[in-house]
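[1] Got a sequence here, can you model it:
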Amino acid sequence: MIKGMALLWGKDIGSASFLFNLLLGLGMALLFGKIDAKEQQVSIFFGLSIFSGTCAILWQIIRLQATEWAELVPGYRAMVLRQCRMLLLFVLLANLAVAQLIYQSQSIVALQGLAWAIAAAFALYCLRQPSKYQLSLFLFVVLFALDDIAPLLPAYCWWTIALALAALLSTQIKRLRWNSDGMTVYRNGIECGWLWMPKLGSSQLQFKISRWFYPIPHFMGSGLVSMLALAVAFPLLAFMVNIGWDKQFPAPLIAGVFTIFTGLMVHWNRVMRSRNVTSLLLLPLYNGVDGLRQGFECAQLRLLFTAMVIVLFSVGLQALLLQVWPWQAAMHLLLTTYWGGVIGLALGCLCAKPWHMAVMVFFYGLQNGFMSAYLADVGQMEAMPQWLLWFDVLMALVSTVFFRWSNQRLWRNGLPY
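    Okay, the predicted model is just below:
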C-alpha cells in the first residue's frame, strides 16, 4: 500500500511538487513554533500546507477522470481514493496537532477551518469543471488574506462550513466518471510544466517584452510576461484594498515575493522543457552552447533588473498613496529581493532534473520567511535590527559571485536529446 502510494504520488511531478510544499509548510510552522510562536508569522505556512495537500489530492482525482484505468483495472479507483483519504487525514491531523500542541491558539484553529472551507469549495468547483483546476495558482494568493478573513466568524462556523462542503465533495466523488476535460487538464500540465498562467493574448507590446527576455520565453512561452504582469497586478490590488477597506497588506512585500517566484519558475520551466534547448541551438542566434549560455545569463540579468524596478515602484507607490516605510525596511526589501532572486537563479542553473527543484523550493520558503519576518507587520518595521542590513549587503555580494560561478555550469554536462 505504502510502496504503491510512493510510486503513484512521488513520481508524478504534478502531485509531488504539491506534496513537497505541504511538508515545507508544516516544517516551517514547526520551526517558527520552536523559535518564536507568533501567530502572524505562521498563518501563511498552515495555509500553504492545507492548500498544497488539497491540490495534490485534487490532481490525483482529476487524473482518475483522465485515464481509462479507473474503469478497466479492478480496484484501481478504490485504491487511489483510499490513498487520497489517508493523505487528507494526515494533513488534517498534522495541522491541528501543531496548532494545539505548539501554539495552543484558537485563532489558528479558526484560520485552519477557513483554509479548509476555501480548499473544499475550490475542490468542489473543480470536480464539476475540471478545466478550472488551472486556477489553482490564485488559491495561493488567498494565503496573504487569511489573517484578515478568519476573525470575521468564530472557529466553529468555519469548520461547520468546511464539513458541509466536505459532505458535498464526498457525494460528488462517488459520481465521478471518465471526463475528457480531465485529460485536457493533465496534458496541459505536462506541456506547461504543471504551472498554469493566464493568457493575456498576443500584442505588439507582449512580443517586444518577450524578445527582450529571449531566450527565456523559448522555455516559458507567454508565461513569463503573464507572471510579470501579475507581479505588478497583485501589489496594485493590495493598494486598492488598503485604501478602500483600511487594511495594511504589505504590497511592496507581495511584489518582492512574486518577483522572486518568477525567477524560480524560469528554471522550473527550463528543466521541465529541457529538450527545447536542442531546437534553440538550431536557430541562427547563438554561437554554440557557450553563446547560448551567455545569452541566457544576460536574459536572467534583465529579469532581475525588471524585478528590482517592480519592487522599487511598489515602495514608491506605498510612500505616495499610504505611508512611507522606514528607510531600513525599504532597503531590507530591496536587498533581500536582489540576493533572493540572484541565489534562486543561481540554484536554478545547477538544476538538471525535476527533483533538483526541491532545493529551490526549500530555499524559496526560507527566503520568504526571512524577508517577511519584519516586513509582514508594519508595527515591527521600527524594531528592525541594524545587523540585518549588513547581512543583506554581505548576501548580495556572495550571491553575485555565486551566480557568476553557477551560470558557467549551465548545460555543462551535455544536452538532452
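[2] ok, residue 67 to residue 60 distance?
    11 Å (CB to CB, to the nearest Å). The way it works is simple: take the backbone N, C-alpha and C, and place the C-beta from them, glycine included.
[3] what does residue 322 give?
    Residue 322 is 43 Å from residue 60, by CB to CB.
[4] Which one's more surrounded, these two?
    residue 60 (19 against 14; other CB atoms under 10 Å).
[5] That one contacts residue 16, doesn't it?
    No. Counting by CB atoms under 8 Å, residue 60 does not reach residue 16; the two are 11.0 Å apart.
[6] count of neighbours near residue 27?
    Residue 27: 14 neighbours (other CB under 10 Å).
[7] Where does the residue nearest to residue 21 when sequence neighbours are not counted sit, in terms of helix or strand?
    Closest residue to residue 21 apart from its sequence neighbours, by CB to CB, 6 or more residues apart in numbering: residue 52 at 3.9 Å. In the assignment (DSSP states H and E), residue 52 maps to helix 39-66.
[8] average model confidence for that helix?
    Across helix 39-66, the average pLDDT comes to 79.
[9] Okay, buried residues for that helix please.
    41-66 (16 or more other CB atoms under 10 Å).
[10] Which elements pack onto it?
    helix 2-10, helix 13-35, helix 76-98, helix 106-128, helix 136-141, helix 146-149, helix 180-191, helix 357-372 (3 or more CB pairs under 8 Å, 6 or more residues apart in numbering; DSSP states H and E).
[11] so the helix or strand just after the shortest one versus helix 76-98, what angle?
    Once helix 146-149 ends, the next helix or strand along the chain (criterion: DSSP H and E) is helix 155-174. An angle of 170 degrees separates the directions of helix 155-174 and helix 76-98 when computed by axes from the mean of the first three to the mean of the last three CA atoms, to 10 degrees.
[12] please begin residue numbering at 74 from this point
    Yes, from this point I'll number from 74; that puts the last item at helix 228-247.
[13] show me what contacts residue 131?
    195, 196, 199, 200, 206, 209 (CB atoms under 8 Å, 6 or more residues apart in numbering).
[14] Let's see that with 10 Å instead.
    88, 91, 157, 192, 195-197, 199-200, 203, 206, 209, 242 (CB atoms under 10 Å, 6 or more residues apart in numbering).
[15] likewise residue 320?
    Taking CB under 10 Å, 6+ apart as the test, what residue 320 contacts is 218, 221, 311, 313, 314.
[16] joint contacts of residue 140 and residue 133?
    residue 153.
[17] Buried among the contacts of residue 320? Make that a ChimeraX selection.
    Entered in ChimeraX, the line below selects the buried ones among those, by 16+ other CB under 10 Å:
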select :218,311,314
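[18] who's in contact with stretch 224-234?
    Contacts of stretch 224-234 with the rest of the structure, by CB under 10 Å, 6+ apart, involve 179-191, 193-194, 222-223.
[19] my guess is residue 327 meets residue 333, correct?
    No. Counting by CB atoms under 10 Å, residue 327 does not reach residue 333; the two are 11.2 Å apart.
[20] Looking at those two, which is more packed in?
    residue 333 (29 against 21).
[21] in what helix or strand does the more buried one lie?
    helix 324-345.
[22] Show me the common contact partners of residue 327 and residue 333, please.
    Residues touching both residue 327 and residue 333 (CB under 10 Å, 6+ apart): 304, 384.
[23] Return the residues in contact with residue 371.
    286, 287, 288.
[24] go on, residue 334?
    213, 300, 303, 304, 341, 413, 414, 417, 437, 441.
[25] what's near enough to touch the first one?
    With contacts defined as CB under 10 Å, 6+ apart, residue 213 is in contact with 94, 117, 120, 121, 124, 125, 128, 334.
[26] quick one: the fifth one and residue 98 touch, right?
    Just to be clear, that refers to residue 124. Yes. With contacts counted by CB under 10 Å, residue 124 reaches residue 98, the gap being 8.5 Å.
[27] what sits in contact with each of those two?
    Common neighbours of residue 124 and residue 98 (CB under 10 Å, 6+ apart) are 164, 216.
[28] Relative to residue 187, how far out is residue 233?
    For residue 233, the distance to residue 187 - CB to CB - is 12 Å.
[29] So which of the two has more stuff around it?
    The residue with more neighbours, out of residue 233 and residue 187, is residue 187; 28 against 14, by other CB under 10 Å.
[30] Just the closest of the contacts of residue 371 to residue 295, please.
    Ranked by distance to residue 295 (CB to CB), the contacts of residue 371 are led by residue 286 at 11.2 Å.
[31] any idea which helix or strand carries the closest residue to that closest one other than its chain neighbours?
    Spatial nearest neighbour of residue 286, excluding adjacent residues (CB to CB, 6+ apart): residue 372 at 5.3 Å. Counting by DSSP H and E, the element that carries residue 372 is helix 361-394.
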